[in-house]
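In: One predicted model, sequence on top.
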Amino acid sequence: MKRNWTVAFQIAAVYVGTVVGAGFATGKEIVEFFSRFGFFGFISILMSGYLFIVLGSKLMRMAAHIDAKSYQEFNEYLFGKWPSRVINVLMLFMLLGVSAVMLAGAGAVFEEQLGLPKSVGVFLTIFLSFIVMLIGTKGLFAVNTFVVPLMITFSLILMFYSVQMPHFLDQVLFIPHAEDGWKSVVAPFSYAALNLGLAQAVLVPIATEVKDDWSIKWGGILGGFALTLILIAGHFTLIMLPNLELYDIPMAIIMKSLAPFFYWVFVLVIYGEIFTSVIGNVFGLDRQLKQYISISTMLSVTLIFAVSYTISLVNYSTLLSYLYPLFGYICMIFFILLWMKPFTPNVRK
């Protein structure tokens with residue numbers, strides 16, 4: 001049983017590390033989808049959390065059940081042979097787009113928080129990613145198992161300070177005016193769809209390698225619960241920041257004012273979370289490219305970063321604001337089919 005719990009926690013860490021990328025760790029994504037809607041945003045977070053727990057676990061268990069080596073094979077199972085080809089091409093472009101957002105986010109951390117050129121953060125991330133990718137699955141597990149508990153800890157520390165601030169309850173219950181307020185209704189579905197749709201690039205091959213259904217099930221449940229906890233903690237913190245939509249990295253701004261003694265460590269944790277998502281996406285893209293052409297990991301990763309770097313030259317906030325909601329709506333098709341597809345784990349393929 002001890003072995004199973006260890007594997008379950010490793011799977012949970014990879015699940016969280018893949019989803020908690022640049023937008024999530026910096027707080028920008030939580031603002032865009034939830035916090036700017038006030039109390040409605042909080043309700044949306046609870047709904048998203050439920051979807052992360054139920055569908056994240058189902059996605060991984062189903063992938064292991066059918067022995068899918070990549071998200072290409074998994075989508076073929078969900079959509080059928082011909083429609084899956086269109087979906088897989090879209091997924092390829094979306095993963096490249098998200099990798100670009102992550103690189104831009106790494107650059108934003110260095111530029112906004114450390115006062116260094118954006119290019120330093122981008123090229124350091126690319127260099128470190130090459131090292132982890134050459135190590136393979138073990139490197140992915142190791143980085144996530146280290147960074148994810150730190151992210152959860154710091155999220156809870158910030159929430160602890162925020163809850164004690166005056167008028168906290170008023171801010172939780174406050175519903176600000178938003179021209180696009182209707183988005184708060186679809187946010188839990190588009191947000192969960194976006195993250196699960198993109199995370200399958202990592203979660204499918206990882207689950208298939210693990211194979212143990214019990215470990216995968218509890219890895220999905222623990223990972224989904226941890227994501228819900230971080231979302232709630234981030235939301236409770238962000239609603240206390242005036243003009244929260246103006247910042248690229250609002251979580252770091254709050255940490256600087258509430259707990260300045262943790263600030264530099266927190267900036268490193270934010271960077272660490274962006275890094276885990278970069279390597280997660282590149283891991284998935286590398287596996288996918290190898291399904292199409294016979295190519296070495298070094299050449300595959302070089303091609304992926306060449307394209308991602310070119311896209312990342314666009315401003316981080318602009319990329320996140322336009323690409324993420326768009327990808328969320330596209331991933332809704334995947335999300336609905338995953339929800340509806342029957343799954344009987346006791347019957348092996």
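Out: Yep, it's here. Residues are numbered from 1 along each chain as shown.

In: Just the buried positions in stretch 36-44, please.
Out: Buried residues in stretch 36-44, defined by neighbour count with 16 or more other CB atoms under 10 Å: 36, 37, 38, 40, 41, 42, 43, 44. Heads up, the C-betas are built off the backbone N, CA and C, glycines and all.

In: and the last one, how far is that from residue 268?
Out: In this case it means residue 44. According to CB to CB, to the nearest Å, residue 44 stands 30 Å off from residue 268.

In: that older thread, mark which of the buried residues of stretch 36-44 are part of strands, please.
Out: With strands taken from DSSP state E, there is no overlap with those.

In: Please convert these to JSON lines, extending it with pLDDT and distance to residue 200.
Out: Below are those laid out as JSON lines (pLDDT from 0 to 100; distance: CB to CB, whole Å):
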{"residue": "36", "pLDDT": "85", "distance to residue 200": "28"}
{"residue": "37", "pLDDT": "87", "distance to residue 200": "27"}
{"residue": "38", "pLDDT": "83", "distance to residue 200": "31"}
{"residue": "40", "pLDDT": "90", "distance to residue 200": "28"}
{"residue": "41", "pLDDT": "88", "distance to residue 200": "26"}
{"residue": "42", "pLDDT": "92", "distance to residue 200": "27"}
{"residue": "43", "pLDDT": "92", "distance to residue 200": "26"}
{"residue": "44", "pLDDT": "92", "distance to residue 200": "22"}
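
In: Rebuild those as CSV, extending it with distance to residue 291.
Out: Output for those, formatted as CSV (distance: CB to CB, whole Å):
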residue, distance to residue 291
36, 39
37, 40
38, 44
40, 41
41, 38
42, 41
43, 40
44, 35
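
In: Quick check: closest non-adjacent residue to residue 165.
Out: Spatial nearest neighbour of residue 165, excluding adjacent residues (CB to CB, 6 or more residues apart in numbering): residue 240 at 5.5 Å.

In: What is the burial count for the one you found?
Out: Residue neighbour count, defined by other CB atoms under 10 Å, stands at 22 for residue 240.

In: and what of the one 3 residues further on?
Out: Other residues lying near residue 243 total 7 when counted by other CB under 10 Å.

In: next one: residue 290
Out: Under the neighbour criterion other CB under 10 Å, residue 290 is assigned a count of 15.

In: repeat for residue 11
Out: Neighbours around residue 11, by other CB under 10 Å: 28.

In: Kindly report the same for the one 5 residues further on.
Out: The local packing of residue 16 (other CB under 10 Å) involves 29 other residues.

In: so what's it up against?
Out: Residue 16 sits next to 144, 148, 151, 152, 223, 226, 227, 230 when contact means CB atoms under 8 Å, 6 or more residues apart in numbering.

In: Identify all contacting residues around stretch 335-345.
Out: With CB under 8 Å, 6+ apart as the criterion, stretch 335-345 contacts 55, 58-59, 61-62, 65, 78-79, 189, 192-193, 196-197, 213, 217.

In: quick revisit: among the buried residues of stretch 36-44, which one sits closest to residue 10?
Out: Closest approach to residue 10 among the buried residues of stretch 36-44 (CB to CB): residue 44, at 29.3 Å.
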